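Engineer: From the sequence below, what's the structure:
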Amino acid sequence: MNINFTILAAQTADSGTKMEIGDAAITAVFGYAVVFFGLVLLMIVLYITGGIFKSKDAKTKAREKAVLENVKKEVEANPLTVTPLALPCAPGSAGHVKLHGVPDKEAAMIMAIVADKMQTPLNELRFISIKEVK
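Structural biologist: Here you go, the predicted model:
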C-alpha cells in the first residue's frame, strides 16, 4: 500500500469549498465571539464561587464574634465564675489537651520533646491528655 502524500494533499486542497473574504471574516468574528462568551461565562462562575466563599467566611466570623460577646456578657454578670471559652481551634492546631496535674509550661515542654524525638512538626501531632505518673 503505497500512498503518495503530495497527490493526496493536492486533491484535498482542490476538493474544499472556497470562501470569499466576507464569509471568512464572518466566520472569524463568530469564532472570536464564541471564545469571548466562554471566557465571560467562566469569569461569572468564578465571581459566584468567590462570593459563596466570602459569605461563608463572613458567617463564621459573625458566629465567633457572637460567641465572644456572649462570654464577655457572662463574665461581666458573674465575675467570680469564669468558664473556659468554647471557641473553635486555631488553624493548624489539633484540638484541646486535657492536663491532669501537669502545669502548662511542663506540658508544653513534653509536647515539644515528643515532637523533636519523632521528628514531626508539633501541629501534626494530636495530644489527647497529659498526666503525671507518680
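Engineer: What segments of this protein are strands?
Structural biologist: 98-100, 129-131 (DSSP state E).
Engineer: for those, which one sits closest to Lys117?
Structural biologist: strand 129-131 (15.3 Å; C-beta to C-beta). C-betas here are computed from N, CA, C, even on glycine.
Engineer: Show me what that closest one is packed up against.
Structural biologist: Secondary-structure packing of strand 129-131 (3 or more C-beta pairs under 8 Å, 6 or more residues apart in numbering; DSSP states H and E): strand 98-100, helix 104-118.
Engineer: List the buried residues for that strand?
Structural biologist: Buried positions in strand 129-131, judged by neighbour count with 16 or more other C-beta atoms under 10 Å: Ile130.
Engineer: That strand pairs with which strands?
Structural biologist: strand 98-100 (parallel) (DSSP bridges).
Engineer: show me where pLDDT drops low in this structure?
Structural biologist: Within the chain, the ranges that satisfy pLDDT under 70 run 1-3, 8-16, 79-95.
Engineer: All set, thanks.
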